[in-house]
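Asker: Any chance you could fold what I've pasted below:
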Amino acid sequence: MSSVVNTLIFSVLYAWMEETGTVRDVEIISKVIFLGFKVYHLFPMFVLAIIVCGAPFWDDLIYKLNPIVEKVKTFTLMWTNILLFALVEDIFYFVFAPFPIRPFDWTARWGYIDIGFTVIPYWYIASVIILVVLYWYVFKGD
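Answerer: Predicted coordinates for the structure are as follows:
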């Protein structure tokens, strides 16, 4: 559970850094590389997400502390935390921004639901469903 809390804290902090320009305005890392993703989405964002969201699990994955069934859960939890990071970071980017999510914003490019004052990207809804299923799998009793 501590990894989920760490992920939430890291997501909010990274969203603040991204919105204030701390990470996104450096010219070399603001270049678009594919599908609208920029260099900073891969480094430092994705690399830091793997390190922070997966930190509690590296010993288990590397040193084989638990049986393979537990390793599958460990690996699943790490990637679920990374998805949680992407979702929370994106939401908080717009919490810190001086404007709500708009239909033409990068995050809404794959479709959205218009609720008047803002839009909800379809990937938010899909992410919540996936997160619920994967967290249930990881935290359910055996």
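Asker: and Ile115, what are its phi and psi?
Answerer: Torsion angles at Ile115 (phi, psi; degrees, to the nearest 10) stand at phi -110, psi 20.
Asker: what's the distance between it and Thr107?
Answerer: Noted for Ile115: a distance of 15 Å to Thr107, by C-beta to C-beta, to the nearest Å. (C-beta placed from N, C-alpha, C; glycine too.)
Asker: Which parts of this protein are helices?
Answerer: Assigned by DSSP state H, the helices in the chain fall at 2-19, 39-40, 47-54, 58-63, 68-96, 122-139.
Asker: Pipe those into CSV and attach mean pLDDT, mean neighbour count and distance to Pro103 per row.
Answerer: Output for these, formatted as CSV (pLDDT from 0 to 100; neighbours: other C-beta atoms under 10 Å; distance: least, C-beta to C-beta, whole Å):
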stretch, mean pLDDT, mean neighbour count, distance to Pro103
helix 2-19, 85, 17, 19
helix 39-40, 74, 18, 24
helix 47-54, 83, 17, 27
helix 58-63, 73, 12, 40
helix 68-96, 91, 18, 13
helix 122-139, 97, 14, 12
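Asker: which one is Pro103 nearest to, not counting chain neighbours?
Answerer: Using C-beta to C-beta, 6 or more residues apart in numbering and skipping residues adjacent in sequence, the residue nearest Pro103 is Val119, 5.5 Å away.
Asker: give the contact list for the most centrally placed residue in the chain.
Answerer: Geometric centre of the chain, nearest residue: Ala86, 1.7 Å, by C-alpha atoms, centre = their mean. Neighbouring residues of Ala86 by C-beta atoms under 8 Å, 6 or more residues apart in numbering: Ala49, Ser127.
Asker: so Asp60 makes contact with Lys71?
Answerer: Yes. Judged on C-beta atoms under 8 Å, Asp60 makes contact with Lys71 at a distance of 6.7 Å.
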